[in-house]
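Asker: Got a predicted model here, sequence first, then my questions.
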Amino acid sequence: MTLRSKRTLIQVAALSLVSATLALSGCGKKEEAKPAAAPAAAKPEPIKAAWIYVGPVGDAGWSFAHDLGRKAVEAKFGDAVKTTFVEKVPEGADAERVIRDLAQQGNKIIFATSFGYMDAMLKVAGEFPDVKFEHATGYKDAPNMRIYDASFYQDTYMAGVIAAAMSKSNTLGFVGSFPIPEVLRNINAFTLGAQSVNPKIKTKVVWVNTWFDPPKESEAAQSLINQGADVLLQNTDSTAVLQTAEKNGKYAFGWDSDMSAFGPKAHLASAIVDWGPYYIKAMEDLKGGTWKTDRTVWGVKEGLNDLIKINDVVPEAAKKKVGEIKAGMKDGSFEVFTGPIVDNAGKERLAKDQKADQAWRDKIDFYVKGVEGKVPSGK
Amino acid sequence: MNEWALLLAAAIASGTPVALAGLGLLLNERAGVLNLGAEGLMLMAAVTGFAVAFHTGSDVAAFAAGAAAGAAAAAVFGAMVIWLNTNQYATGLALSLFGAGFSAFVGVGLVGKKLADRSLHEVPVLGELPFVGPMLFQQHPMAYVALAMTAAIVWFLYRTRSGLVLRSIGESPESAHALGYRVRLIRLAAVVAGGALCGLAGAFLSVVYAPMWVEGLVAGRGWIALALTTFATWRPVRVLFGAYLFGGVTMLQFHLQGQGVQIASQLLAMLPYLSTILVLVLISRNANWLRVNMPASLGRAFHPGQ
């Protein structure tokens, strides 16, 4: 009897040890939101600003780029602002909890940096009328919530020009995250850019339904290579696609930040985004009282997007063409989506010589001619 | 034609880590211990393997470290369930959750770090063969380790006396104990060996397959490996082919997308899990199937001398 009760005791002790460790490890992960430092008595209260990221800041991709933007804000305003961030926030119910929590902590402006945070942010925005909410890449706003976006399609168009110059199989591969207009725009621009050099180019698309899952991204990239694609581009956030291309002796691009170190031979260029200028503008709007609901879409012209670190193996002609396009984007004379644009079912989507406007670009729900397959739909 | 060979090759590569982990879990379960902590073991081994590969540059050292980490974590699990008789299900689940949190915690500094460049592997001469070459002989050496491990486990379980003892412990630890076998020690050995194989699988994922470290890198492969042992009705060769089948379904869905086949990719992404459930339902309907191979003491604690 005694032996048995002793054993039960040990079991209980062991189980509580395990749960205690679990609780501890859980706490360890939650230290992202740093406690605010006690403000010095004399100084004015710093403006608290918060960012939420979908990936880890070390992803060398999307979230990393936003975090550089946050650091640019810190560098510019110094003690006048107090920034915090929460990384790896899943899109959906968790996001709502995190955004609400940040608003309650006294942040005056909150930046949600992924499309899937849109509805969560809209909901919380209704509860905190005094807090400004900024949502990246979305389309819903509120009196205290506005939208900002980059123009990656300008980068992918230039990447397409380079891809066409390097492809021997005339087949490009694209690892897509989710079939939303933003990503479809990038796929189409990539294909159009390539076709501007070589009309025979085709693009194969594989969807992974995630922004960040390196093994899955590698598998998708491998699958595209197996099917004959020799230049890859991705709209996912890790370096996996580039590394897979490097391993297979194919080409690929960096995404969001300079990824050349992850595949020195495979890396043709990196499509980057520098959110710093926008974040600084947003903070100035807030400080100056000029913040109002609108939608800001910046691109190459405003220095938000760029295609950098073009590999030496890229022919001079392609480099020159990219330079011309970039100059055209900077002075506003060049528009990626200029008619005639025909979708891959043969339907004309933009008439000859017509230039797309923002509304047209927002609604892209088709593949242009040359992209294989059909856009996945929930229906 | 070559495209299909490459698809099969990718299926084998994708199935290799799942096969290694599945074989390890099969060893555990044949001795009567169910380790639901596989996912956590693989994660801890993945981060350990990646750290070693990053600091030493040696893949072999990374695999050894991954296997050692898996074995060490499994030994803790084994000591708890075998000597302290904690509930195997609860302890395993706790290990899974702990492994996920712990690996993320220690791996923070490794996120975004890059290993030395990976190259393709090819077996000389055989790799040049049409179809078979690209399919079978351009794999990472670990794919052949998984094959060899399958053969070794078949031989061990069915051709050696120790294997017989291990299986008898899984069937009836009381009888094995009565015959004088040290049930607890042998179970621990099986758990540690199984943990080492899970660790090898984890290290393969982070060092070769991804190759990078991020939180949650294993992404459910530990759970697939667990389902796989039942799927394969506790037979090693079936574990191997089951793993290839899962790998095949994963790669096929990417392949079909690349071919422009109009199937919702979300539906295709469900297929590995759907097929597991389907097979579980099918084999569970036939009691004989399960009874023949399922270790009778699976998941039950053993109290010597009672």
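Answerer: Received, thanks. Since the model is a prediction, treat every value here as computed from it, not as a measurement.

Asker: Could you list the low-confidence segments of chain B?
Answerer: Applying pLDDT under 70 to chain B flags residues B:1, B:262-266, B:268-269, B:271-272, B:289-292, B:305-306.

Asker: What is the burial count for residue B:164?
Answerer: Neighbourhood size, residue B:164 [other C-beta atoms under 10 Å in any protein chain shown]: 13. In this view, the C-beta of every residue, glycine as well, is placed from N, C-alpha and C.

Asker: Distance check, it against chain A.
Answerer: Residue B:164 sits 31 Å away from chain A, going by C-beta to the nearest C-beta, to the nearest Å.

Asker: which residues does the closest residue to residue A:246 other than its chain neighbours contact?
Answerer: Leaving out its chain neighbours, the residue that sits closest to residue A:246 by C-beta to C-beta, 6 or more residues apart in numbering or on different chains is residue A:263, at 3.5 Å. Neighbour list for residue A:263: A:239, A:242-243, A:245-246, A:252, B:117 [criterion: C-beta atoms under 8 Å, 6 or more residues apart in numbering or on different chains].

Asker: Of these, which belong to strands?
Answerer: Per DSSP state E, strands hold the following members of the contacts of residue A:263: residue A:252.

Asker: nearest to residue B:177, of the contacts of residue A:263?
Answerer: residue A:243 (51.4 Å; C-beta to C-beta).

Asker: count of neighbours near that closest one?
Answerer: There are 26 residues near residue A:243, going by other C-beta under 10 Å.

Asker: check contacts around it.
Answerer: Per C-beta under 8 Å, 6+ apart, neighbours of residue A:243: A:218, A:262-263, A:266, B:118, B:211-212.

Asker: you'd agree residue A:82 is in a strand?
Answerer: Yes: residue state for residue A:82 (DSSP: H, G, I helix; E, B strand; the rest coil) corresponds to a strand.

Asker: in terms of contact, does it touch residue A:44 like I think?
Answerer: No: the criterion here is C-beta atoms under 8 Å, and residue A:82 misses it with residue A:44 at 11.6 Å.

Asker: residues in contact with residue 99?
Answerer: Going with chain A. Here residue A:99 is in contact with A:52, A:110, A:112, A:117, A:120-121, A:124, A:133 (C-beta under 8 Å, 6+ apart).

Asker: should've been chain B
Answerer: Residue B:99 is in contact with B:37, B:39-44, B:73, counting by C-beta under 8 Å, 6+ apart.

Asker: rewinding a little: can you say which of the contacts of residue A:263 are buried?
Answerer: Buried subset of the contacts of residue A:263 (neighbour count, 16 or more other C-beta atoms under 10 Å in any protein chain shown): A:239, A:242-243, A:245-246, A:252.

Asker: In helices, which of these appear?
Answerer: Judged by DSSP state H, helices contain the following of those: A:242-243, A:245-246.

Asker: about what we covered before: out of the buried ones among the contacts of residue A:263, which one sits closest to residue A:101?
Answerer: Out of these, the member with the shortest distance to residue A:101 (by C-beta to C-beta) is residue A:239, at 30.9 Å.

Asker: which one is that closest one nearest to, not counting chain neighbours?
Answerer: Leaving aside its sequence neighbours, residue A:239 sits nearest to residue A:262 (C-beta to C-beta, 6+ apart; 4.1 Å).

Asker: quick one: that neighbour and residue A:245 touch, right?
Answerer: No: the criterion here is C-beta under 8 Å, and residue A:262 misses it with residue A:245 at 9.9 Å.

Asker: Thought residue A:119 was touching residue A:139, still the case?
Answerer: No: at 11.1 Å, residue A:139 does not count as touching residue A:119 under the criterion of C-beta under 8 Å.

Asker: so how far is stretch A:276-284 off the chain centroid?
Answerer: Using C-alpha atoms, centre = their mean, to the nearest Å, the mean C-alpha position of stretch A:276-284 is found 18 Å from that of the whole chain.

Asker: Now that stretch: average pLDDT?
Answerer: Computed over stretch A:276-284, the mean pLDDT rounds to 92.

Asker: what sits up against it?
Answerer: Residues from elsewhere that reach stretch A:276-284, judged by C-beta under 8 Å, 6+ apart: A:47, A:49, A:68-70, A:72-73, A:76-77, A:81, A:109, A:111, A:134, A:148, A:290-291, A:296, A:298, A:302-304.

Asker: do stretch A:156-169 as well
Answerer: With contact meaning C-beta under 8 Å, 6+ apart, stretch A:156-169 is reached by A:172, A:186-187, A:189-198, A:201, A:228-231, A:233, A:251, A:253, A:268-269, A:271, A:307, A:310, A:313-315, A:317-318, A:321-322, A:325-326, A:336.

Asker: Are any of these buried, and if so which?
Answerer: Applying 16+ other C-beta under 10 Å to the contacts of stretch A:156-169 flags A:172, A:186-187, A:189-197, A:201, A:228-231, A:233, A:251, A:253, A:268-269, A:271, A:307, A:310, A:314, A:318, A:321-322, A:325-326, A:336 as buried.

Asker: just the residues you listed that are near chain B?
Answerer: The residues of the buried ones among the contacts of stretch A:156-169 that also fall near chain B, by C-beta under 8 Å from any C-beta of the partner chain, are A:228-229.

Asker: Just the ones of the buried ones among the contacts of stretch A:156-169 in strands?
Answerer: Among the buried ones among the contacts of stretch A:156-169, the residues falling in strands (DSSP E) are A:172, A:231, A:233, A:251, A:253, A:268-269, A:271, A:307.

Asker: okay, those in JSON lines with pLDDT next?
Answerer: Shown next, in JSON lines, are these (pLDDT from 0 to 100):
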{"residue": "A:172", "pLDDT": "95"}
{"residue": "A:231", "pLDDT": "96"}
{"residue": "A:233", "pLDDT": "95"}
{"residue": "A:251", "pLDDT": "95"}
{"residue": "A:253", "pLDDT": "95"}
{"residue": "A:268", "pLDDT": "94"}
{"residue": "A:269", "pLDDT": "94"}
{"residue": "A:271", "pLDDT": "92"}
{"residue": "A:307", "pLDDT": "92"}
